[in-house]
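Requesting a structural model of the entry that follows:
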Amino acid sequence: MDQLPSGGDVADGQPIDAADMIAALTAAQFVFEDGATQSFTADGRTTYVERGAPSAGEWSVTGDGTFASFWPPTYRATYTVRWIVEDGVRVGVSFTDTRSGTRYNGRYQ
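Predicted structure coming up:
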């Protein structure tokens, strides 16, 4: 795993600051509860792999710190992104869809 942003302790469920978002998302590949994986690159690209089938998308951070994703040709979504912390260690990130409220937990692999 690459270096996570430092800047003191964070609590489980604490929102990730916009300034730390790139480092938090690109630190390592994520694995989700259903076994799907996702990786992010600092240049705004992402690859999601579900049941061995990859799909490519784009991501960005808006000025208010919201995470936005685009999956061509038309799917767009925005998420609130929060730390998953266990025993004082950042172990992943949760993505909560701003429209539906659905939460996706991604753990660093």
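
Do you know the pLDDT at L4?
Listed pLDDT for L4 reads 66.

next one: the one 3 residues further on
The score at G7 is 54. That number is its pLDDT.

going forward can the numbers begin at 322, since that is how I track them
Will do, 322 is the new start, and the previous item becomes G328.

Touching, Q350 and Q430? I think so.
Yes: with contact defined as C-beta atoms under 8 Å, Q350 counts as touching Q430 (4.6 Å). Bear in mind the C-beta positions are built from the backbone N, C-alpha and C, glycine included.

intersection of neighbour lists for those two?
T358 (C-beta atoms under 8 Å, 6 or more residues apart in numbering).

Can you say which helix or strand has M342 in it?
For M342, the element it lies in under DSSP states H and E is helix 339-347.

For stretch 342-349, buried residues please.
Residues of stretch 342-349 classed as buried: 342-343, 345-349 (neighbour count, 16 or more other C-beta atoms under 10 Å).

I'd like the distance from it to the chain centre, please.
Chain-centre distance of stretch 342-349: 7 Å, with C-alpha atoms, centre = their mean, to the nearest Å.

now the nearest residue to G409 once chain neighbours are set aside: how far from W404?
Leaving aside its sequence neighbours, G409 sits nearest to D330 (C-beta to C-beta, 6 or more residues apart in numbering; 6.7 Å). Counting by C-beta to C-beta, to the nearest Å, the gap from D330 to W404 is 10 Å.

Excluding covalently adjacent residues, which one is nearest to F353?
Nearest non-adjacent residue to F353 (C-beta to C-beta, 6+ apart): G427, at 5.4 Å.

got any ranges where this protein has weak pLDDT?
322-329 (pLDDT under 70).

Report the separation between the residue lying closest to T362 once chain neighbours are set aside and A332.
What sits nearest to T362 in space, not counting adjacent residues and going by C-beta to C-beta, 6+ apart, is T347, at 6.4 Å. As judged by C-beta to C-beta, T347 and A332 stand 22 Å apart.

Find the centremost residue of the protein, please.
Centroid-nearest residue in the chain: L346, 5.0 Å away (criterion: C-alpha atoms, centre = their mean).
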